[in-house]
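Student: Predicted model and sequence follow; I will ask about them next.
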Amino acid sequence: MRVVSLVPSLTEAVAVSSPGALVGVTDWCTHPDPAELGDVARVGGTKNPDVRRIAELRPDLVIANEEENRAPDLAELRAAGLRVLVTEVRDLPQAFGELDRVLVGAMGLERPGWLSDAEAAWARVTPAGEPRPAFVPVWRRPWMVLGRDTFAGDLLARLGVRNAYAAHAERYPRIPAAELAAAGCDLVVLPDEPYRFTAGDGPEAFPGLPAALVSGRHLTWYGPSLAEAPAVLAAALSAAG
């Protein structure tokens, strides 16, 4: 099967589960290492894929995501006669289900071992104590945070972090920094993607508030990284004090 992936985490999932199946990926697909991917075409970004180039690759399947990719681009791919599978991932169980749908249902693979390992790893998670109220910026200038129904928010909840904006009407609301600082939280969680927060870029906006710098790949990707995500994220949260 020839597959084009327009979602970085699904690129990794396919590459690990069926080496050689990928014929096209986005410019944002960083895992596995480009050297491991081999001679795979780059077909633009997640928001601006080169539809003509994708069609030229003659894929049997194009995999996309309703949040990462734009509906007009997906419609154009379908109009070109391509089979497009669009995933929706709002929480961990849905992520496992969608990975199974892509790899086993659409690609006809045997269920990969890493997927079972990831399910087992998350089944062992038992957060101790009361949930810790926090907010989770995903962008700066303007400040945007996790709101309702997000995959990353669900992972954090399972690790004992209560998203202060989980009931917000928007999924990624814009909240001024001053309002965030006054939200009464015990913690700010700063991932390194999509905005690359670092020790010198992010924590200084919220003086006196413990900041957990976490791996965006382990917080927001649904793929092989899920197997180690509980341990990686728990360690980063613990280090914040």
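Tutor: Received the coordinates, thanks. Numbers count the residues shown, from 1 in each chain.
Student: Name the next helix or strand downstream of the helix or strand containing residue 12, please.
Tutor: Per DSSP states H and E, residue 12 falls inside helix 8-17. Per DSSP H and E, the first helix or strand lying C-terminal to helix 8-17 is strand 22-25.
Student: Each with direction, which strands does that following strand pair with?
Tutor: Paired strands of strand 22-25, with direction, are strand 3-5 (parallel), strand 41-42 (parallel) (DSSP bridges).
Student: Measure how buried residue 154 is and give me the count.
Tutor: Using other C-beta atoms under 10 Å, residue 154 has 19 other residues around it. Yep, even glycine has a C-beta here, placed from its N, CA and C like the rest.
Student: helices or strands up against the host helix or strand of it?
Tutor: Secondary structure from DSSP H and E places residue 154 in helix 151-158. Helices and strands touching helix 151-158, by 3 or more C-beta pairs under 8 Å, 6 or more residues apart in numbering; DSSP states H and E, are helix 92-100, strand 161-163, helix 216-220, helix 229-239.
Student: Residue ranges in this structure under the pLDDT threshold?
Tutor: By pLDDT under 70, the chain contains no weakly predicted segment.
Student: Let's see the distance spanning stretch 41-51 from one end to the other.
Tutor: End-to-end distance for stretch 41-51, by C-alpha to C-alpha, to the nearest Å: 13 Å.
Student: In it, which residues are buried?
Tutor: Buried residues in stretch 41-51, counted by 16 or more other C-beta atoms under 10 Å: 43, 44, 46, 49, 50, 51.
Student: Need the outlier residue of this structure, farthest from its centre.
Tutor: Most distant residue from the mean C-alpha position of the chain: residue 208, 28.9 Å away (C-alpha atoms, centre = their mean).
Student: Return the member of the buried residues of stretch 41-51 nearest to residue 136.
Tutor: Residue 136 lies nearest to residue 46 out of the buried residues of stretch 41-51, by C-beta to C-beta, at 20.6 Å.
Student: Which helix or which strand is home to the closest one?
Tutor: Per DSSP H and E, there is no helix or strand for residue 46.
Student: which one of the strands paired with strand 22-25 lies closest to residue 214?
Tutor: Nearest of those (C-beta to C-beta): strand 3-5, 24.2 Å.
Student: what does the closest one rub up against?
Tutor: Contact with strand 3-5 is made by 11, 14, 18, 21-26, 29, 43, 54, 57, 59-63, 107, as judged by C-beta atoms under 8 Å, 6 or more residues apart in numbering.
Student: same deal with stretch 50-70?
Tutor: Under the criterion C-beta under 8 Å, 6+ apart, residues 1-7, 10, 14, 23-24, 41, 43-44, 46-47, 49, 73-74, 76-77, 80-89, 102, 106-107 lie in contact with stretch 50-70.
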